[in-house]
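A.B. asks: Next comes the sequence, and after it the predicted model I'd like to discuss.
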Amino acid sequence: CSSDLLTVNGQIHSQSLVLTMDPRVKTSQADLEKMFRAESRVAKNLADLSTALKHAQELQTNLAARKKEVPSKGEVVEALAPLDRKTADLMGAQGDPEFGVFGLTVPSTESVTLREASHAATGLLSIVQSSDSAPTADAVAAIEKWDSATKSVLERWDAFWQHDRTRVNSLLQKANLKPL
């Protein structure tokens, strides 16, 4: 039970509001809580992956611009190419990889890309949200494995972002060029 306040023409009106479960839904409170925890976990991963992918795409755009600004030889050019390759490797190939033909899949390797993890999180979120019940044992197992793989790729991205990009930015600044 909660009380909502509404102000109209300077007068405050209060009304009690009681929320109840849709009587057609027979899911227990415990199962709803499991569903909420699973959805929250996957949604957070998806948000973190979206941020990393956005930064990676911006970095690729900035790298392309800097390549046009620098002379064809030198320390800066030699630093930009590997940074571009590493960015592309962490992002992964564009396209819609399958998320399992008849159900859930788990990461095929310990080293997944940002896009693979993002596609998996999108698929997992859809699966968990498509039912008014607790996630199945298979869904829970997939969420845990993808959660671990997502943390791993985000850690690799953060290390790359902090170390590699920072190193190249210092070279760009020495060359009087705009940092990435």
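C.D. replies: Done, it's in. Residues are numbered from 1 along each chain as shown.
A.B. asks: now Thr20: how far from Lys44?
C.D. replies: Distance check for Thr20 against Lys44: by C-beta to C-beta, to the nearest Å, it reads 28 Å. Backbone N, C-alpha and C define where each C-beta goes, glycine included.
A.B. asks: With neighbour numbers in mind, choose between the two.
C.D. replies: For Thr20 versus Lys44, neighbours defined as other C-beta atoms under 10 Å are more numerous around Lys44 (13 against 5).
A.B. asks: all helices of this structure, in order?
C.D. replies: For the chain, the helices defined by DSSP state H cover 29-69, 75-91, 114-129, 137-159, 165-174.
A.B. asks: So what are the sheet partners of the least confident helix or strand in the chain by mean pLDDT and their directions?
C.D. replies: Lowest by mean pLDDT, DSSP states H and E among the helices and strands of the chain is strand 2-8, with a mean of 78. Strand pairing for strand 2-8, using DSSP bridges, gives strand 11-17 (antiparallel).
A.B. asks: could you dump the partner strand to PDB, C-alpha only?
C.D. replies: Provided in PDB are the C-alpha atoms of strand 11-17 (Å, rounded to 0.1, in the frame of the first residue of the first chain):
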ATOM      1  CA  GLN A  11      -4.200  22.100  -3.000                       C
ATOM      2  CA  ILE A  12      -2.600  18.800  -2.100                       C
ATOM      3  CA  HIS A  13      -4.700  15.700  -2.600                       C
ATOM      4  CA  SER A  14      -3.700  12.300  -1.100                       C
ATOM      5  CA  GLN A  15      -4.900   9.000  -2.300                       C
ATOM      6  CA  SER A  16      -4.100   5.500  -1.100                       C
ATOM      7  CA  LEU A  17      -3.000   3.100  -3.800                       C
END
